[in-house]
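Chemist: quick one, what's the 3D model for this:
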Amino acid sequence: MNNREIAEHIFLAGIKGVLPGTLISNILSLRDSQLKIGYLGYDLNKIEKIYVIGAGKASAAMAHYVENILGSRISGGYIVTKYDHACKLRYISIEEAGHPVPDHNSFRAGEEILKVTGMAGESDLVICLWSGGGSSLMADYPETSSPQEISFLNDLLVSCGADISEMNSVRKHLSKIKGGQLARSIWPASGVSIILSDVIGDPPDVIASGPTVPDNSTFSDALKVIDNHNLKNDIPPRLLNYLVEGDQGINPETPKPGDPVFKNVATLFAGNNKTALRTAKDEAERLGFNTTVFTGDLSGDVNDACSFIFDMVNRYKNDISAPMPVCLLLGGETTVKVTGEGSGGRNQHLALLAALRLQNIHGVTLLSGGTDGNDGNTDMAGAVVDSETVHTALSMNCDPERFLADFDSYHFFKSAGGHIFTGPTMTNVMDMIVILID
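Modeler: Numbers count the residues shown, from 1 in each chain. Coordinates of the predicted model:
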């Protein structure tokens, strides 16, 4: 394998470490009538009904493996996942919906999940499966607004440069499901949320907009996001008015820590970006690379992230005492403020930025990819580049600077080569960056 192929191999090894089949079997087991979910134990002789609900790109696959363990003990449920991410379920209903912008199926899913939780009684157990993408896949809207206005706002939030915590503080305060509010519907049943994290630091109130955990954000925080990203003139007036009235105490706040609705609801993590990085590190070391997981918390603007990465690359490249070959692994999620009309995503955009920096630096290969297999508005996971990428493109009259300015990294790599295609991976733990240095 050449270094481009090796980088892709290491990336895929990381994804393999966070596939739902492995994660669910590690956290959930059943022996006779004793159900173990992490550190929690349930005597199913004392549980009348088990319901399974969930939202996210990985939630359908998670539900599949939950069904493998619990089978006909499941009384019903409802899962919503992204298009092309569904799998066959026997006891749980499933829906595919829009991501990153909610569509009509997203709003129907919100209603159906509330129906399921509304059926749960005091002697029942509700197993909740949350993963990245849940915020748009399970949607609702204020009574004074409309689905179309919520979808329009989601589109604004995705492209304005806001990070996931900022976006979800707005989403939670325009919902009666998100921000811990689904816990109200689960009560008085017992509930346990199994989470596959796609957020830096694994804050449970941010992942899938935290439907079953206390919310640490406020209406005031949501309004600050609108102001900080200059969205006040673009947000539909009825949604802005709802947030303003909430800040004034007219509309109810989301439930906070200490609220009794969380008394019977537990939260467990099945996996995260660090899980994927550990698996990738093991594979890179097996292949003979001196490997370092540099960070799992890469964030901020993609241009700043690229500068940070190349400061690190130059240190290793110029360190004659560093044992070669080297593999550096990073994880996290950067942001892109899109001003062009092209296609792409943060990983392809970062790879194109890196390609321009690498054109005169030999012996360095960089891959940036989304663990869910989808980067931005494309069907590619990301891209891999080295010193030859720009030279190859220029020989084909393909100007990388022009594609970069138009935020059209997808069509650059379609022309110049370097795309990473995985298809839907059925998991999602943010992004991974693999750097190989000879």
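
Chemist: outline the domain layout of this structure.
Modeler: The record's domain parsing of the chain by automatic domain parsing lists 19-140+175-217+254-271, 274-437.

Chemist: quick one: terminal-to-terminal distance for the longest one?
Modeler: Think domain 19-140+175-217+254-271. Chord length of domain 19-140+175-217+254-271, first to last residue, is 9 Å (C-alpha to C-alpha, to the nearest Å).

Chemist: what's the mean pLDDT across it?
Modeler: Looking at domain 19-140+175-217+254-271 alone, the average pLDDT works out to 97.

Chemist: how far away from the center of its chain is it?
Modeler: Averaging C-alpha positions (C-alpha atoms, centre = their mean, to the nearest Å) puts domain 19-140+175-217+254-271 15 Å from its chain's average.

Chemist: circling back to that earlier point, in a markdown table, list the domains of the chain along with distance to G161 and mean neighbour count.
Modeler: Glycine gets a C-beta too; all of them are placed from N, C-alpha and C. Converted to a markdown table, these look like this (distance: least, C-beta to C-beta, whole Å; neighbours: other C-beta atoms under 10 Å):
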| stretch | distance to G161 | mean neighbour count |
| --- | --- | --- |
| domain 19-140+175-217+254-271 | 14 | 21 |
| domain 274-437 | 3 | 20 |
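
Chemist: which stretch among the ones you listed comes nearest S169?
Modeler: Among the domains of the chain, the nearest to S169 by C-beta to C-beta is domain 19-140+175-217+254-271 (3.9 Å).

Chemist: quick check: the closest residue to S193 other than its chain neighbours vs S159, distance?
Modeler: Leaving aside its sequence neighbours, S193 sits nearest to C128 (C-beta to C-beta, 6 or more residues apart in numbering; 4.2 Å). Noted for C128: a distance of 29 Å to S159, by C-beta to C-beta, to the nearest Å.

Chemist: what do you get for A189?
Modeler: 39 Å.

Chemist: go on, F407?
Modeler: With C-beta to C-beta as the criterion, F407 and S159 are 10 Å apart.

Chemist: neighbouring contacts of the host helix or strand of R184?
Modeler: Assigned by DSSP states H and E, R184 belongs to helix 182-186. Where contact means C-beta atoms under 8 Å, 6 or more residues apart in numbering, the residues beyond helix 182-186 that reach it are 113-114, 117-118, 120, 126, 128, 191, 211-213, 255, 261-262, 264-265.

Chemist: so which of those sit within strands?
Modeler: V126, C128, G191, V265 (DSSP state E).

Chemist: so the first one touches G54, yeah?
Modeler: No. Between V126 and G54 no contact is recorded; they are 10.3 Å apart, counting by C-beta atoms under 8 Å.

Chemist: list the residues that contact S25.
Modeler: With C-beta under 8 Å, 6+ apart, S25 has these contacts: Y65, I69.

Chemist: and what about it, helix, strand or coil?
Modeler: helix (DSSP: H, G, I helix; E, B strand; the rest coil).

Chemist: distance of it relative to A270?
Modeler: For S25, the distance to A270 - C-beta to C-beta - is 10 Å.

Chemist: again, but for C128
Modeler: 12 Å.

Chemist: intersection of neighbour lists for these two?
Modeler: With C-beta under 8 Å, 6+ apart, C128 and A270 have common neighbours I194.

Chemist: I'd like the distance from stretch 215-231 to the chain centre, please.
Modeler: Distance, centroid of stretch 215-231 to centroid of chain: 21 Å (C-alpha atoms, centre = their mean).

Chemist: again, but for stretch 365-372
Modeler: 14 Å.

Chemist: and what of stretch 223-232?
Modeler: The mean C-alpha position of stretch 223-232 is separated from the chain mean by 23 Å, C-alpha atoms, centre = their mean.

Chemist: now the end-to-end length of it.
Modeler: With C-alpha to C-alpha, one end of stretch 223-232 sits 9 Å from the other.

Chemist: over stretch 332-343, what's the mean pLDDT, rounded is fine.
Modeler: Rounded mean pLDDT across stretch 332-343 is 89.

Chemist: ok, residues contacting that stretch?
Modeler: Residues contacting stretch 332-343 (C-beta under 8 Å, 6+ apart): 159-164, 198-200, 273, 295-302, 305, 345-346, 349-350, 376-378, 403, 405-411, 430-431.

Chemist: how about stretch 139-149: buried residues?
Modeler: A139, D140, Y141, P142, S145, P147, E149 (16 or more other C-beta atoms under 10 Å).

Chemist: contacts only, for the second one.
Modeler: For D140, the contact set (C-beta under 8 Å, 6+ apart) comprises F107, G110, E111, I150, S175, K176, I177.

Chemist: for the third one, what are its contacts?
Modeler: Contact partners of E111, counting by C-beta under 8 Å, 6+ apart, are D140.

Chemist: which SS state does it fall under?
Modeler: E111 is classified as helix under three-state DSSP.

Chemist: pretty sure T365 belongs to a helix, no?
Modeler: No. According to three-state DSSP, the state of T365 is strand, so it is not within a helix.
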